[in-house]
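>>> I need the structure of the sequence given here:
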Amino acid sequence: MSESDDIISKLTNDTNSAPSSQNADDEFSALLDQFIQNELSNIEEEKENTRVMLEEPEPQPIDDATDEEVADSLDISEQKLYTAYRNYVDAIVNIAEAHKISTPKFHIKAQVLYPKYTPGLGNLISIDVLQGWDVMFSAFPDDIIKIQPHASDEELLDFAEQHTDENLQMAVVSYVEILFEIEGCEIAYEKRLLEYEHNKIEQEIIEEHRRRAERARRYIDAIERKQFPVNAERLITNYFKVASKDPEGSFEAVTTNPAIFAPIEVDKIKPKFFGLIKPSPRAGMMFNYKLGKFIKKLKA
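The predicted structure is shown next:
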């Protein structure tokens, strides 16, 4: 069991065994804070691993900057998410103060979203959002109980529009915006992954094509240096086309009967005995055999 799993397990244990409600609350807060700190560390590691995997440049450090300054440096998707989150937090804090409710500790700063959103961040935002709903329920129990557990965005916005408390309106509207902006950030994250995979595959195809062309050129040059009576470029080009679909079968064919890919050109075979004996088809067969043996031993 991981450290985070162990903390979650402790958080969900029956607190009736605790000596007092206050002690149970204190222990829960301590465990929650420990869990949050672990998650924050995991997010930084996740962002670094993503940056390395996607071969993205190191982000420019933002030293001694205020939260607002860091927020201004975020990309548009992260900016929108952070704005919705801050509006939600501000509304919850106002509700807690107005109704004399303990204000929960919120954990997300702009720095966590810099330089890019990663999926692990959604877990931390969910924890803060749930704490906000606890405050809303404590302040407006008769109203919040009317919201269905799986209410749609439209139903939540209708609820906010019909309520008279501006802070509750802002909290519910901001909650809907958080869900929407998180989805946008998730899509942007997946798009980064897909673009990287596309570029990587494209580059691998280009590189493989270059390697195949260089290898084919070495085969052609080697056959031409031996002056085999065959169109070496045609032979190797046809062989590589077939080899892309059937490597083993094509190699077996080119090393036993290369004439399949390009015919032996008998008229290029030099006559014997000072030109008195013209080359015969049998001579072509012999060169076909020798060429196959040569290609089989060739280390190109």
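>>> domain-wise, how is the chain divided?
1-46, 64-190, 226-297 (automatic domain parsing).
>>> check the offset of the second one from the chain's centre.
Taking CA atoms, centre = their mean, to the nearest Å, one finds the center of domain 64-190 at 26 Å from the center of the full chain.
>>> any idea which of the domains of the chain scores lowest on pLDDT?
Mean pLDDT values for those show the minimum at domain 1-46, a mean of 64.
>>> excluding covalently adjacent residues, which one is nearest to the residue positioned nearest the centre of the chain?
What sits nearest the mean C-alpha location of the chain, by CA atoms, centre = their mean, is Leu193, with 3.2 Å. Once flanking residues are discounted, Leu193 sits nearest to Leu54: 7.3 Å by CB to CB, 6 or more residues apart in numbering. C-betas here are computed from N, CA, C, even on glycine.
>>> still on that earlier bit, for His209, which of the domains of the chain is the nearest?
Closest approach to His209 among the domains of the chain is made by domain 226-297 (10.4 Å; CB to CB).
>>> ranges for the helices of the stretch 101-250 of the chain?
Taking DSSP state H, counting those that start in this stretch to define them, one finds helices in the stretch 101-250 of the chain at 110-113, 121-139, 141-144, 153-162, 166-225, 232-243, 247-256.
>>> of those, which is nearest Tyr88?
Taking the helices of the stretch 101-250 of the chain one by one with CB to CB, helix 166-225 is closest: 3.7 Å.
>>> where's Phe106 relative to Leu40, distance?
Distance of Phe106 to Leu40, given as CB to CB, to the nearest Å: 13 Å.
>>> do Arg86 as well
On the measure of CB to CB, Arg86 and Leu40 end up 18 Å apart.
>>> repeat that for Tyr117.
14 Å.
>>> just want to know which of these two has more residues nearby.
Tyr117 (27 against 18; other CB atoms under 10 Å).
>>> which residue is the nearest non-sequential neighbour of that one?
Distances taken as CB to CB, 6+ apart place Cys185 nearest to Tyr117, at 3.9 Å, with adjacent residues excluded.
>>> again with Leu168
Phe140 (6.0 Å).
>>> ok, Gln169 - how many residues close by?
When neighbours are counted by other CB under 10 Å, Gln169 comes out with 17.
>>> check the one 3 residues further on too.
Here the count is done by other CB under 10 Å, and Val172 has 26 residues near it.
>>> alright, I will stop here.
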